[in-house]
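>>> one predicted model, sequence on top.
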Amino acid sequence: MSKAAAAKDLDKTVSYYADDAIVLPPNAPAATTKEQLRVSGKAYYEPGLLELDGDQVEVRGRRSAY
């Protein structure tokens, strides 16, 4: 999943979620379908918002291990 996200392959990234997954995107309603995951996931591919590097992810300037 990390490789797909780093490659900005939204469809491949979404394919890793279970059919009954619920994702809580910031400032938006819960995403409960794969299509909703695709729509909310597009925001993470905006330039400079999400950067994956090895075993860390950086979102809007905050760095965390995952």
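Sure thing, it's come through.
>>> all strands in the chain, in order from the N-terminus.
Shown for the chain, the strands assigned by DSSP state E span residues 50-53, 56-59, 62-65.
>>> just the mean pLDDT for the second one, thanks.
Across strand 56-59, pLDDT averages out at 55.
>>> what's the distance between T32 and I22?
Taking CB to CB, to the nearest Å as the measure, T32 falls 5 Å from I22. Glycine gets a C-beta too; all of them are placed from N, C-alpha and C.
>>> just checking, A4 touches Y17?
No. The pair formed by A4 and Y17 falls short of the contact definition of CB atoms under 8 Å, at 11.3 Å.
>>> ok, N27 - contacts?
By CB atoms under 8 Å, 6 or more residues apart in numbering, the contact list for N27 is empty.
>>> er, S15 actually
For S15, the contacting residues are A4, by CB under 8 Å, 6+ apart.
>>> what's the separation between it and L37?
10 Å.
>>> same question, V14
According to CB to CB, V14 stands 5 Å off from L37.
>>> give the contact list for M1.
13, 16.
>>> scratch that, T32 is what I was asking about
Applying CB under 8 Å, 6+ apart, we find T32 in contact with 21-22.
>>> phi and psi next, for it.
With angles defined as degrees, to the nearest 10, T32 shows backbone torsions of phi -120, psi 0.
>>> that one and S40: what is the separation?
Separation of T32 from S40 (CB to CB) stands at 11 Å.
>>> go on, D19?
Computed as CB to CB, the D19 to S40 distance reads 16 Å.
>>> kindly export stretch 12-32 (C-alpha atoms) in CSV.
Included here for stretch 12-32 are C-alpha records, laid out as CSV according to Å, rounded to 0.1, in the frame of the first residue of the first chain:
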residue,chain,number,x,y,z
LYS,A,12,-4.2,0.7,-6.3
THR,A,13,-4.1,2.3,-2.9
VAL,A,14,-7.9,2.1,-2.5
SER,A,15,-7.8,-1.6,-3.6
TYR,A,16,-6.0,-2.4,-0.3
TYR,A,17,-9.0,-1.2,1.8
ALA,A,18,-11.6,-3.8,2.9
ASP,A,19,-15.0,-3.5,1.3
ASP,A,20,-16.5,-2.5,4.7
ALA,A,21,-13.7,0.0,5.6
ILE,A,22,-14.6,3.3,7.1
VAL,A,23,-12.2,6.2,6.7
LEU,A,24,-12.6,9.5,8.6
PRO,A,25,-11.1,12.2,6.4
PRO,A,26,-10.5,15.6,8.0
ASN,A,27,-13.3,18.1,7.7
ALA,A,28,-15.4,15.7,5.7
PRO,A,29,-18.0,13.0,6.2
ALA,A,30,-16.9,9.4,6.7
ALA,A,31,-16.0,7.6,3.6
THR,A,32,-17.8,4.2,3.6
